[in-house]
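K.L.:
Sequence below, structure please.
(one chain, ligands or ions: 1)
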Amino acid sequence: MGITNLFELKCWLRRLYRRGSRFQQYARVLEETHQYSAEELAAYQNRLFKKIILHCQRNVPYYRDLFKREGIRVEDFRTIADLAQLPILDKNTVQGELERFISKKHYNLLCNVGTTSGSTGTPGKFIRDFDAINFEHAIVWRQWQQAGDTGKKRVSLRGDIIVPSSQAEPPFWRYNPANQELQMSSYHLSPDKSIHYIDKILEFEPKILYCGPSMGHVLAKFFRHHGVEYRFDAVFTSSESLEPHVRDYIEEVFQTRIYDWYGQAERVAAIGQCRQNQYHIQEDYSIVELLPGNVDGSYELVGSQLHNYVMPLLRYRTQDFVYVTDSPNEAKRCGCGSTFRTVSRILGRSYGYLLTPEGYHIAITAHIPVGVDNVIETQFYQEKQGEVILKVLTNGKFTETDREKLVFNTLKHTSPNMKVRVEEVSEIPRGPNGKFINIVSNLKTSLN
Ligand SMILES: [Zn+2]
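P.N.:
Next up, the predicted model:
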């Protein structure tokens, strides 16, 4: 390994930290756990659950006080069903009493602090310990391996700030030698600079694309626009909801298939797509409850950690929603060998909601620009209920017909009574962490 600068040194150190002997141990365990029978899985979850709940009582002030106040006897807990005795926890409670959620025993220099993007509310801080971080990486590694990625060359487009946003000339990327990863800037991926991206990808010859769906979609559009063909072995998406038509488009352009992944900064639930196209709740990662009761028939993901001892979250509501398959809590063996429960669709956080004049929440807007020509990106901007502004980044050939089609589609997919305005813009600013935000709403609703 030749280290030529500080960035490369950091890459190698980070890899050492995340892929140490702990990682190797977890990776071996995780090869087995996802093939567990229902009984084996229950035994595994119950064992880890009892261990962490006793730790909460002994070492975490918030839980110690809660159990005492409510008369909850965790010594008597036998299975994860006993979780139901605990109240549901929300983000405001955690962030309001952050210090009291931190273990008196495990906090040390090897911990790391994660933050949420803040797109659905106040930004939050979450602390993870060394074991939890290694476990996290091992479970993601399992996902990659299932897709045949055993450490192949990859290109990533993940919304990270790679080079200064003011930079006008390439390179808009940098190379991470520890992961054989070409990290590309999402900020600079625009019509006039797109050809530089394509040239670089052709030169680098990555086998894997690692991206948020919105950026993968934009990249695929540029490949098509420039008439350049390229094939990836696999595409890994995460961080945003993956809409079916976005999946189809990326898979078609790059002649490959997508393995989608869902997680969140709080690390209380993870869902990964297997080679049979099923979305499996990663049951060896945490305990996931599906909370019913939403008007649209979706369930909220509520998760309890099994591995993070420095700041354990129990029954934490993610504010992320899923649609379930027939019977949400029944597991059967999938063609991939897993017995983990499946969900049919994930409504991720970065999409937000539009409010119609009738008061309906519209979560899915990504299909509105489908079939409208000359559009590169669309953002839905809402300040008043029943009115929406479509900010559109075009390729410069956007016509009146395109505009009419966009309005027509919006009315069709939101409400015929919606007031719609289309506004051509030269750029759609990224949200915190550089994420593309599909819906920007200034309305206070129960969901935004
Ligand atoms: Zn499967």
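K.L.:
tell me the phi and psi of the residue of the stretch 51-200 of the chain found nearest the ion?
P.N.:
The ion sits closest to Gln146 of the stretch 51-200 of the chain, with a gap of 8.8 Å, by CB to the ion. For every residue, glycine as well, the C-beta is placed using N, CA and C. Dihedral pair for Gln146: phi -60, psi -30, per degrees, to the nearest 10.
K.L.:
before we move on, what about Glu289?
P.N.:
According to degrees, to the nearest 10, Glu289 has phi -110, psi 150.
K.L.:
any idea how far it lies from Thr318?
P.N.:
11 Å (CB to CB, to the nearest Å).
K.L.:
what residues are shared contacts of the two?
P.N.:
Leu301, Val302, Gly303 (CB atoms under 8 Å, 6 or more residues apart in numbering).
K.L.:
Could you save those residues as a markdown table and add columns showing secondary structure?
P.N.:
Shown next, in a markdown table, are the shared contacts of Glu289 and Thr318 (DSSP: H, G, I helix; E, B strand; the rest coil):
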| residue | secondary structure |
| --- | --- |
| Leu301 | strand |
| Val302 | strand |
| Gly303 | strand |
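K.L.:
Tell me the one of those nearest Glu400?
P.N.:
For the shared contacts of Glu289 and Thr318, the closest approach to Glu400 (CB to CB) belongs to Leu301, at 43.0 Å.
K.L.:
Could you pick out the residues of the protein near the ion for me?
P.N.:
Cys274, Gln276, Gln278, Cys334, Cys336, Ser338 (CB under 5 Å from the ion).
K.L.:
what's around the residue nearest to the last one when sequence neighbours are not counted, how many residues?
P.N.:
Spelled out, that is Ser338. Spatially, and ignoring its direct neighbours in sequence, Ser338 is nearest to His34 (4.9 Å; CB to CB, 6 or more residues apart in numbering). Per other CB atoms under 10 Å, the neighbour tally for His34 reads 24.
K.L.:
again with the one 10 residues further on
P.N.:
Tyr44 sits with 17 neighbouring residues when counted by other CB under 10 Å.
K.L.:
Run through the residues that contact the residue of the stretch 51-200 of the chain closest to the ion.
P.N.:
Tyr259, Cys274, Arg275, Cys336.
K.L.:
Is Gln95 part of a helix or strand, or is it coil?
P.N.:
Applying three-state DSSP: Gln95 is helix.
K.L.:
Over to Ile346?
P.N.:
strand.
K.L.:
so how far is Ser441 from it?
P.N.:
Distance from Ile346 to Ser441, by CB to CB: 20 Å.
K.L.:
so the residue nearest the centre of the chain is in which element?
P.N.:
Closest residue to the average C-alpha location of the chain: Ser239 at 2.6 Å, with CA atoms, centre = their mean. Using DSSP states H and E, Ser239 sits in no helix or strand.
K.L.:
quick one on the thing from earlier: which one's more surrounded, Glu289 and Thr318?
P.N.:
Thr318 (24 against 19).
K.L.:
Tell me the helices and strands packed up against the one helix or strand the more buried one maps to.
P.N.:
Element membership for Thr318, per DSSP H and E: strand 316-324. Packing partners of strand 316-324 (3 or more CB pairs under 8 Å, 6 or more residues apart in numbering; DSSP states H and E): helix 91-96, strand 286-291, strand 299-305, strand 342-347.
K.L.:
again, only this time at 7 Å
P.N.:
Where contact means 3 or more CB pairs under 7 Å, 6 or more residues apart in numbering; DSSP states H and E, strand 316-324 is packed against strand 299-305, strand 342-347.
K.L.:
Identify the residues contacting the longest one?
P.N.:
Residues outside strand 299-305 that contact it (CB atoms under 7 Å, 6 or more residues apart in numbering) are 52, 83, 88, 267-269, 286-292, 294, 312-318, 320-322, 324, 328.
K.L.:
All the helices of the stretch 201-350 of the chain, in order from the start?
P.N.:
213-225, 244-253 (DSSP state H, counting those that start in this stretch).
K.L.:
Quick check: which of those helices is buried the most?
P.N.:
Ranked by mean neighbour count, these are led by helix 213-225 with a mean of 22 (mean count of other CB atoms under 10 Å).
K.L.:
Which of the helices and strands packed on strand 316-324 has the lowest mean pLDDT?
P.N.:
Lowest mean pLDDT within the helices and strands packed on strand 316-324: strand 342-347, at a mean of 88.
K.L.:
what's the model's confidence in the next helix or strand after that one, averaged?
P.N.:
Using DSSP H and E, the helix or strand that follows strand 342-347 in sequence is strand 354-355. Strand 354-355 shows a mean pLDDT of 79 in the predicted model.
K.L.:
please begin residue numbering at 22 from this point
P.N.:
From this message on, residue numbering opens at 22, which makes the last subject strand 375-376.
K.L.:
before we move on, the earlier item: what about the closest residue to the residue nearest to the centre of the chain other than its chain neighbours, neighbour count?
P.N.:
Spatial nearest neighbour of Ser260, excluding adjacent residues (CB to CB, 6+ apart): Gly233 at 4.6 Å. Close neighbours of Gly233, defined as other CB under 10 Å, add up to 23.
K.L.:
Gly233 against Ser262, yeah?
P.N.:
No. In this structure, Gly233 is not within contact of Ser262 by CB atoms under 7 Å, at 10.0 Å.
K.L.:
and for the strand holding Thr339, what are the contacting residues?
P.N.:
Against strand 337-345 from outside (CB under 7 Å, 6+ apart): 109-111, 141, 285, 287, 289-290, 311, 315, 318-324, 364-370.
K.L.:
State the distance from Arg296 to Arg354.
P.N.:
Taking CB to CB, one finds Arg296 at 14 Å from Arg354.
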